[in-house]
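Q: coords please:
(2 chains)
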Amino acid sequence: MAAKWSTLAQTAQIRQFAYHQNVLDHYSNPRNVGTLDKSDPDVGTGLVGAPACGDVMKLQIKVGDDGTIEKAVFKTFGCGSAIASSSYATEILEGKKIEEAMHIKNTDIAEHLKLPPVKLHCSMLAEDAIKAAVNDYKKKKAQ
Amino acid sequence: MSAANKELNKQVKLSLAKEGNPLYFDNQATTPLDPRVLDAMLPFLTNQFGNPHSRSHQFGWETEKACEDARESLAQLIGASSKEVIFTSGATESNNLAIKGVAEFYAKNAGKKHIITTQIEHKCVLDSCRSLEEHGFEVTYLPVGTNGIVDLKVLEQAIRPDTLLVSVIMVHNEIGVLQPIKEIGQLCRSKKVFFHTDAAQSVAKVPIDVNDLHIDLMSISGHKIYGPKGIGALYIRRKPRVRLVAQMSGGGQEKGFRSGTLAPHLVVGLGAAARVAQQELQNDKEHIERLSSRFLTNLRKNLTHIVVNGDEQQRYMGNLNISFSCVEGESLIMAIKECAVSSGSACTSASLEPSYVLRAIGVEEDMAHTSIRFGIGRFTTEEEVDYMVDLLTRQVNRLRELSPLWDMLNEGIDLKSIQWTQH
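A: Okay, the predicted model is just below:
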């Protein structure tokens, strides 16, 4: 039964004309799902969005002594585009300096994922999440 | 699968899970044509193409007879006389005709201008009422309880001397709850107010006898009962007489209530669907209740934090609207893409607002975003239900692993205590 219907999944995929392959890829194989220890002084946590809006992103970064982001992880409550946006965000964050991270624009994310206009807000939320994580890290370091 | 449905499956070779098609779990949106209905319709798309209003030749006579036979079949299904059934293009038109037609007549001839309906009605009812408000009518939109059911006392208090109509949907399309129609009908009859009900999702699914339930007007939809799309009907009581102003002007067909040439293939389709439904009434009920119960029980065994929206007892079992805590609706629909379902969440509608129905029954916004509606029907199989339960279990668990809200729930953090950043 499962075998007979696995072909359905493949065919059904073709009909997902609303979503680009890049979104589907990140959605089905999200990168860097996970949690870092919030209390770790080298970890910055950004929590943006609201359950009432249907979009919540938690993005965390672990920053090395030289200001390079060593690891980025995420967890998201939201639609396929939201999950893909935050997953892609963690992918491009790793290896960047925190100042470079602050320059990541939602348009970079939206372009890579070929987000349609109605889903652009997902990439904006991802940009907010990045900034929130960096600011949280900076605040911790200042203390 | 019950004996009758197994026979059906063999005869009709209708498997919705054919190569390339997702499994169909959206029976509230529409239903597939029962093959027996298609058989009945075909002659009217080929040789019997006459206009049923052509009085002077056989082409007209034969299609007219077919339409009248269909009318009789439908009337029998609902306990009415065929003189009380008129055909329309669908339940939307029937709702418009019932509400606007009755309002226009009784405003002019009896000076009444108040209408009562509920906050959870189908858009066509709400919009018809809104359009009447622009023409000087007053409308009361009754709230419903968290179980989705109308409170009879609240209804009674809302009725005024100038109330001309109460309109309450029988089985709800989004959440499946069944209103106390008989009691509402009795109340309206005692207050001499007309009672209209949108029965699009109810005909052949819950027992309906228009006299027993004291219904004055009832909207029927063809494509919800395994009939064709593009046809519906309106039941209009004759004793005591309900009068209304036609909304479609023309040659005076359908006793002057609805002008326009009847489409014999569609009308015959609706009649055949009614006959088949009458035959399958008991079998459908057992089949659907069994599958629905199996679905819900197994789902609850596998997953925690899921909520059925709307009263669990006072409902039609073939419609289950379920909220999956901490998992967003659209992402879940994508995860179960080999199944066709409908979401009550916002992402699938143009605005970012969740469904007005879920809001009316008090579902919190974050839960509203997690809702999915499952529709089980005559052609749903046990295999499909089991597959769906298994798939849902896997995907909900997977998405919960991705969800920060699930983490917080497990850590005992109250989501309401957090200062969320609005966007």
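
Q: quick check, central residue of the chain?
A: Assuming you mean chain A. A centroid search over chain A (Cα atoms, centre = their mean) returns A:S86, at 1.0 Å, as the residue closest to the centre.

Q: now do chain B
A: If you average the C-alpha coordinates of chain B and look for the closest C-alpha using Cα atoms, centre = their mean, you land on B:Q201, 2.8 Å from that point.

Q: what strand or helix carries the residue nearest to the centre of chain A?
A: Assessed by DSSP states H and E, A:S86 sits inside helix A:80-93.

Q: just the helices in the stretch 201-350 of chain B please.
A: B:264-302, B:329-335 (DSSP state H, counting those that start in this stretch).

Q: list the buried residues for the longest one?
A: What that stands for is helix B:264-302. Residues of helix B:264-302 classed as buried by neighbour count (16 or more other Cβ atoms under 10 Å in any protein chain shown): B:264-277, B:280, B:283-285, B:287-288, B:290-292, B:295-296, B:298-299. C-beta coordinates here come from the backbone N, C-alpha and C atoms, glycine included.

Q: least confident of the helices of the stretch 201-350 of chain B, on average?
A: Lowest mean pLDDT within those: helix B:329-335, a mean of 88.

Q: so which elements touch that helix?
A: helix A:80-93, strand B:342-343, strand B:371-375, helix B:382-401 (3 or more Cβ pairs under 8 Å, 6 or more residues apart in numbering or on different chains; DSSP states H and E).

Q: which one of the ones you listed is the most hemmed in?
A: Mean neighbours per residue, mean count of other Cβ atoms under 10 Å in any protein chain shown, is largest over those for helix A:80-93, with a mean of 27.

Q: check chain A for the residue nearest chain B and tell me.
A: Evaluated by Cβ to the nearest Cβ, chain A has A:P51 as its residue closest to chain B, separated by 3.1 Å.

Q: could you check how many residues crowd around the residue in the stretch 51-200 of chain B that chain A sits nearest to?
A: Across the stretch 51-200 of chain B, no residue is closer to chain A than B:E174, which sits at 17.5 Å (Cβ to the nearest Cβ). Around B:E174 there are 24 other residues, counting by other Cβ atoms under 10 Å in any protein chain shown.

Q: confidence score at B:L352?
A: Per-residue confidence (pLDDT) for B:L352: 61.

Q: equivalent analysis for the one 5 residues further on, please.
A: pLDDT recorded at B:V357 is 93.

Q: now the one 4 residues further on
A: Residue-level confidence at B:I361 comes out at 94, pLDDT.

Q: next, it: phi, psi?
A: Phi and psi for B:I361, reported as degrees, to the nearest 10, are phi -90, psi 10.

Q: ok, and the closest non-adjacent residue to it?
A: Residue nearest to B:I361 in three dimensions, not counting chain neighbours: B:G148, with 4.8 Å by Cβ to Cβ, 6 or more residues apart in numbering or on different chains.

Q: ditto for A:A84
A: Ranked by Cβ to Cβ, 6+ apart and with sequence neighbours excluded, the top spatial neighbour of A:A84 is A:H26, at 3.7 Å.

Q: angle of the strand or helix carrying the one you found against helix B:382-401?
A: Following DSSP H and E, the helix or strand that holds A:H26 is helix A:21-28. On the basis of axes from the mean of the first three to the mean of the last three Cα atoms, to 10 degrees, helix A:21-28 is oriented at 90 degrees to helix B:382-401.

Q: list of residues touching helix A:21-28?
A: Helix A:21-28 is contacted from outside by A:13, A:16, A:19, A:80-81, A:83-84, A:87-88, A:112-115, B:331, B:334, using Cβ atoms under 8 Å, 6 or more residues apart in numbering or on different chains.
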